[in-house]
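> need a structure here:
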Amino acid sequence: MLLLRAETPRVGEAIISMNEQEQIFRRIERRFMKGIVEYGLIEDGDKILIGLSGGKDSLALVELLARRARIFKPKFSVVAVHVVMRNIPYQSDVSYLKEYVEALGVPFVLYETEFDASTDTRKPPCFLCSWNRRKALFTVAKEQGCNKIALGHHMYDILETLLMNITYQGAFSSMPPRLVMKKFDMTIIRPMCLVHEADLVELARMRGYRKQVKNCPYETQSSRSAMKGILHQLEEMNPEARYSLWGSMSNVQDELLPRKFTTDYTD
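You can find the predicted model right below:
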């Protein structure tokens with residue numbers, strides 16, 4: 001297990017006891033394992049590429065998968081990749097990420113790429129950046145002989161995407177815990193799909209994760225932060241809103257939804 005010394009708490013900050021730290025990590029690990037089992041995310045013989053952005057979620061995902069990979073069944077292996085987008089002023093502390101990953105016994109890969117936002121003005125720059133990062137993950141996964149790519153999306157990320165798709169696309173869809181990409185012969189998995197963001201925030205503080213410096217010129221154009229605020233408002237109305245929203249994705253009552261009426265006028 002990787003032990004990183006957390007930063008010394010500033011005056012006024014609460015100090016989390018070792019017992020509380022253990023409880024938080026065990027809670028994250030239980031929800032992590034529940035997601036893996038319920039959605040069949042890991043199978044014997046898998047080689048999984050972890051998308052390591054450097055944020056708290058992906059750092060936690062590396063630790064969780066590394067710990068799980070040391071357990072006999074299912075037997076699988078992992079490798080982590082950090083994608084650097086050269087045209088975005090994102091200052092990655094690559095040496096820190098490499099040290100963190102390798103201390104957990106996970107191989108580390110650095111991959112550099114870039115995109116030109118002027119080549120497709122129909123798509124927002126955030127979409128193009130995300131698409132090119134995803135393309136890089138597929139490239140590295142194939143090079144490393146991986147059959148799955150693990151992303152660090154947690155429950156809030158998935159629910160925010162659900163709200164965004166309903167609002168902007170008129171579609172009841174989100175990011176599934178398991179997505180088979182037949183065209184690329186690859187499966188996307190999100191093992192932290194049931195993990196709460198608040199617990200990951202606490203874990204980041206406990207572990208003393210070093211924040212990466214991001215100064216993206218397109219970030220203000222994203223609607224995700226607005227959806228995060230809406231989700232918090234829903235939870236103020238109903239503290240169980242996150243569970244209701246999650247349950248709605250597997251409890252679609254077709255007979256209570258509008259359906260267009262069609263008439264066959266052919267003789």
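> can we go C-alpha only for contacts and neighbour counts from here?
OK.
> Which secondary structure elements does whichever strand in the chain runs longest sit against?
Longest among the strand segments of the chain by residue count, using DSSP state E, is strand 77-85. Helices and strands touching strand 77-85, by 3 or more CA pairs under 8 Å, 6 or more residues apart in numbering; DSSP states H and E, are strand 47-51, helix 56-69, strand 108-113, helix 125-143.
> Dump the third one to PDB, restricted to CA.
Included here for strand 108-113 are C-alpha records, laid out as PDB according to Å, rounded to 0.1, in the frame of the first residue of the first chain:
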ATOM      1  CA  PHE A 108       3.600   4.200 -16.000                       C
ATOM      2  CA  VAL A 109       3.300   5.500 -19.600                       C
ATOM      3  CA  LEU A 110       3.500   9.100 -20.700                       C
ATOM      4  CA  TYR A 111       1.800  10.000 -24.100                       C
ATOM      5  CA  GLU A 112       1.900  13.400 -25.700                       C
ATOM      6  CA  THR A 113      -0.600  14.600 -28.400                       C
END
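> okay, and for the stretch 51-200 of the chain, where does confidence drop off?
Within the stretch 51-200 of the chain, the segments meeting pLDDT under 70 span 120-121.
> can you pull out the helices in the stretch 151-267 of the chain?
155-164, 197-207, 224-237, 241-248 (DSSP state H, counting those that start in this stretch).
> So which of those is the most surrounded?
Mean neighbour count (mean count of other CA atoms under 10 Å) peaks for helix 155-164 among those, with a mean of 20.
> tell me, what residue is most central in this protein?
residue 153 (1.9 Å; CA atoms, centre = their mean).
> any residues touching the longest strand of the chain, and which ones?
Contact partners of strand 77-85, identified using CA atoms under 8 Å, 6 or more residues apart in numbering, comprise 45-54, 62, 65-66, 69, 90, 92, 101, 106-115, 129, 133, 136-137, 140.
> Filter these down to the buried ones.
Buried subset of these (neighbour count, 16 or more other CA atoms under 10 Å): 46-54, 62, 65-66, 69, 92, 101, 106, 108-109, 114-115, 129, 133, 136-137, 140.
> re the thing from before, would you list the helices of the stretch 151-267 of the chain in CSV and tack on distance to residue 19?
CSV is the format used below for these (distance: least, CA to CA, whole Å):
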stretch, distance to residue 19
helix 155-164, 25
helix 197-207, 12
helix 224-237, 28
helix 241-248, 27
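> Could you give the separation of the helix or strand harbouring residue 101 from the chain centroid?
Per DSSP states H and E: residue 101 is located in helix 94-103. Distance of helix 94-103 from its chain centroid, counting by CA atoms, centre = their mean, to the nearest Å, is 19 Å.
> Also stretch 197-208?
Centroid displacement of stretch 197-208 relative to its chain, using CA atoms, centre = their mean, is 15 Å.
> again with stretch 123-137
On CA atoms, centre = their mean, the centre of stretch 123-137 falls 15 Å from the chain's centre.
> repeat for stretch 89-97
In terms of CA atoms, centre = their mean, the centre of stretch 89-97 is set 19 Å apart from its chain centre.
> Tell me the helices and strands packed up against the helix holding residue 101.
Helix 94-103 is packed against strand 108-113, with contacts defined by 3+ CA pairs under 8 Å, 6+ apart.
> got the angle for the strand it packs on vs strand 47-51?
Going by axes from the mean of the first three to the mean of the last three CA atoms, to 10 degrees, strand 108-113 is angled at 60 degrees with respect to strand 47-51.
> what's strand 108-113 packed up against?
In terms of contacts (3+ CA pairs under 8 Å, 6+ apart), strand 108-113 is packed against strand 77-85, helix 94-103, helix 125-143.
> got the buried residues for the longest one?
It stands for helix 125-143. 125-126, 128-129, 132-133, 136-138, 140-142.
> Tabulate the helices and strands packed on strand 77-85 in a markdown table, adding columns for distance to residue 233.
Output for the helices and strands packed on strand 77-85, formatted as a markdown table (distance: least, CA to CA, whole Å):
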| stretch | distance to residue 233 |
| --- | --- |
| strand 47-51 | 30 |
| helix 56-69 | 23 |
| strand 108-113 | 38 |
| helix 125-143 | 25 |
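> right, so of those, which gets closest to residue 192?
helix 56-69 (7.3 Å; CA to CA).
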